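1. Fold the following, please.
(chains A and B)
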Amino acid sequence: MRLSRTMISLATSLVIGVPVLAAQGNEGKVKAVLQSGPDVGRRAPDFSLPWASKDSVGPIESPYQLASDRGKTVVIAFYPRDFTQSSTAEMRTLAQQYDSLAGPDVVLVAISTDSVSTHRRFAQSLNLPFRLLSDPDQRISKQYASKDPNGYNRRTVYVVGSDGRVAFRNLQFNALDPKDYAELRNAVKNSLRPS
Amino acid sequence: MKFWLILGALTGLLLAGPVHAQESGIPVGSRAPAVQVNDLNGHPVSLSSYIGKKPVFLEFWATWCELCEQLLPKVRQAVAQYGNQVEFLGVNVTVNQTPAKVQRYLDKNKPGFQTLYDDQGSSIRAYQVPSTSYVVIVDRTGKVVYTGTGGTQNFDTVLRRVTRG
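-> Numbers count the residues shown, from 1 in each chain, chains lettered A, B, ... in the order given. As a prediction, the model looks like this:
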């Protein structure tokens, strides 16, 4: 009986472990973020990743760093893979809507596990006006709750406000749903409004 | 015994983790949502006009979708064979599309299905459409009996079954 209780207690703590840890201090908070990603209002974890655009592959010594765009709104789109149908549809649509999404105070970056050379070819093929970042070991996608167990990214979007905090996120972004793009556009617009 | 059941359930919950049912599609066996979708002229069409009344074949497609293009001969053949018993609906996903572009494609390729233009995304959400070339077949009772994607999928057996009797 005592063994059963101990086992149940152990299993329960495994299941609810993250919130328990979160209540225990910073280490717990970090683990909770890893599990669910930074929620709206939370500070977006900084990261630094190699990148490519339609014109070039970024120099190794100057990866893209989120913190360097502090003061601007940053749209981060995690997506599964270059050259797949849905990702092509998504990137093409983001490129088409780039004028209404981006601007001098908005930066858009998209992240997958592909290499920078694949990114370059993909960006070139679609004439993408934004950078594609390479996160092959999914270190960053994990922090942003966008890591899929199959080794690719899940399709998600984050809008990080000029204060470095998450202003909007959609953890189930559907590349084919016009409503999801409209919500993203609205979120960018709202993040630019003076508070 | 009870303990192991509880432990199993809790472990299952743990392993399920934060992963959502993304890009998986509507479950086979579930009731087909009778949502409203616009046609190419912007007129609303309710799927309730067909669902639960006769078998329905839905394909979510786009003019840029290579797999849909690959699937097209099979769709045409299915329309020719089952078109008088099954309602064939081609739901354009509208991403990177315009009604004019879709109409030009239809004029050239003549898929044979009734075309809907889901610019509100209502059917895309309701059917949890994971990608273009996604086919859903609904039997005459309104139950989803088949889902699939890709240019080489085979739905002939299912169509034969839903039109029997």
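2. looking at it, A:Leu176 is touching B:Arg125, isn't it?
-> No - with contact defined as Cβ atoms under 8 Å, A:Leu176 does not count as touching B:Arg125 (9.6 Å). (Each C-beta comes from the backbone N, C-alpha and C, glycine too.)
3. if you count what's nearby, which of these two comes out ahead?
-> Taking other Cβ atoms under 10 Å in any protein chain shown, A:Leu176 and B:Arg125 do not tie; A:Leu176 has more neighbours (26 against 18).
4. Could you export stretch B:52-71 as PDB, keeping only the C-alpha atoms?
-> In PDB, the C-alpha atoms belonging to stretch B:52-71 read as follows (Å, rounded to 0.1, in the frame of the first residue of the first chain):
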ATOM      1  CA  GLY B  52     -25.900  13.700 -44.200                       C
ATOM      2  CA  LYS B  53     -27.900  13.600 -47.400                       C
ATOM      3  CA  LYS B  54     -25.500  11.900 -49.800                       C
ATOM      4  CA  PRO B  55     -21.800  10.900 -49.900                       C
ATOM      5  CA  VAL B  56     -19.500  13.900 -50.200                       C
ATOM      6  CA  PHE B  57     -15.900  14.100 -51.600                       C
ATOM      7  CA  LEU B  58     -14.000  17.100 -50.500                       C
ATOM      8  CA  GLU B  59     -10.500  18.000 -51.800                       C
ATOM      9  CA  PHE B  60      -8.700  21.100 -50.400                       C
ATOM     10  CA  TRP B  61      -6.600  22.400 -53.200                       C
ATOM     11  CA  ALA B  62      -4.700  25.300 -54.700                       C
ATOM     12  CA  THR B  63      -3.500  26.100 -58.200                       C
ATOM     13  CA  TRP B  64       0.100  26.100 -57.000                       C
ATOM     14  CA  CYS B  65      -0.300  22.600 -55.500                       C
ATOM     15  CA  GLU B  66       1.800  20.100 -57.400                       C
ATOM     16  CA  LEU B  67       0.300  17.100 -55.600                       C
ATOM     17  CA  CYS B  68      -3.200  18.300 -56.400                       C
ATOM     18  CA  GLU B  69      -2.100  18.400 -60.100                       C
ATOM     19  CA  GLN B  70      -0.800  14.900 -59.800                       C
ATOM     20  CA  LEU B  71      -4.100  13.800 -58.200                       C
END
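5. so what's the spatially closest residue to A:Gly71 that is not a sequence neighbour up against?
-> The spatially closest residue to A:Gly71, leaving aside those adjacent along the chain, is A:Ser162, at 5.2 Å (Cβ to Cβ, 6 or more residues apart in numbering or on different chains). By Cβ atoms under 8 Å, 6 or more residues apart in numbering or on different chains, the contact set of A:Ser162 is A:70-73, A:105, A:191.
6. Now do A:Ser162 against B:Arg161, distance only.
-> 58 Å (Cβ to Cβ, to the nearest Å).
7. Can you tell me how far A:Pro178 is from chain B?
-> To chain B, A:Pro178 is 5 Å away according to Cβ to the nearest Cβ, to the nearest Å.
8. okay, the residue nearest to that residue when sequence neighbours are not counted: pLDDT?
-> Nearest residue to A:Pro178, sequence neighbours excluded (Cβ to Cβ, 6+ apart): B:Gly121, at 4.7 Å. pLDDT, B:Gly121: 95.
9. ok, now which ones touch B:Gly121?
-> So B:Gly121 contacts A:174, A:176-180, B:94 (Cβ under 8 Å, 6+ apart).
10. all strands of chain B, in order?
-> B:36-38, B:44-46, B:56-61, B:87-92, B:114-117, B:134-138, B:144-148 (DSSP state E).
11. Using JSON lines, lay out these together with mean neighbour count.
-> Converted to JSON lines, those look like this (neighbours: other Cβ atoms under 10 Å in any protein chain shown):
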{"stretch": "strand B:36-38", "mean neighbour count": "19"}
{"stretch": "strand B:44-46", "mean neighbour count": "13"}
{"stretch": "strand B:56-61", "mean neighbour count": "26"}
{"stretch": "strand B:87-92", "mean neighbour count": "23"}
{"stretch": "strand B:114-117", "mean neighbour count": "19"}
{"stretch": "strand B:134-138", "mean neighbour count": "25"}
{"stretch": "strand B:144-148", "mean neighbour count": "20"}
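12. All set, thanks.
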